[in-house]
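[1] Structure here, sequence nowhere to be found:
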């Protein structure tokens, strides 16, 4: 019996979000920023994209909701919930929920830090409640590491060159 742990296919977060429905149980590796600025009210256009009216910033309840679209604005609405062992990461206008419950002794997530995750995609809707009920696709991480200081432009360029070398059209 082969006990090899999959290495995780390197995939850019926006591409992962687009293809998550077709990637159930595939091992992936992606990078995103964990930003704890949930108290900053996003622009009106964000609320219109979600389809909810924009309440006053003073009365707006702070909620953690999985997003698959994050419009371009300085502060992305993503979060980390230590009690539920879940984080929402965002990069380049895309966002996905990450379940870090299977990460052995994870470091506490820091606001404004960049993280790399390796794990499997749960396209069946693990992004909803804790019982796995419907919702957005979720990345079930088994490895999480802080990659602050990583040059994202150089990383993206290296990933493009790697894919070109391997014959991938990414």
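    Structure's in. What do you need? A quick note: this is a predicted structure, and the numbers were derived from the prediction, not measured.

[2] State the next helix or strand along the chain beyond the helix or strand of the chain with the lowest mean pLDDT.
    Least confident helix or strand, the chain: helix 44-50 with a mean of 38, by mean pLDDT, DSSP states H and E. Per DSSP states H and E, the first helix or strand lying C-terminal to helix 44-50 is strand 80-81.

[3] what ranges do the strands span in the chain?
    Here the chain has its strands, by DSSP state E, at 9-10, 27-34, 80-81, 86-91, 94-99, 113-122, 138-146.

[4] Among those strands, which comes closest to residue 18?
    strand 94-99 (7.9 Å; Cβ to Cβ). The C-beta positions use only the backbone N, C-alpha and C, and glycine is treated the same way.

[5] helices or strands next to the closest one in the packing?
    Under the contact criterion of 3 or more Cβ pairs under 8 Å, 6 or more residues apart in numbering; DSSP states H and E, strand 94-99 touches helix 13-19, strand 27-34, strand 86-91, strand 113-122, strand 138-146.

[6] Mind listing what's buried along the first one?
    Burial within helix 13-19, assessed by neighbour count using 16 or more other Cβ atoms under 10 Å, is assigned to 13-14, 16-17.

[7] Now do the buried residues in stretch 142-151.
    142-144, 146.

[8] Quick one: mean pLDDT over it.
    Across stretch 142-151, the average pLDDT comes to 88.
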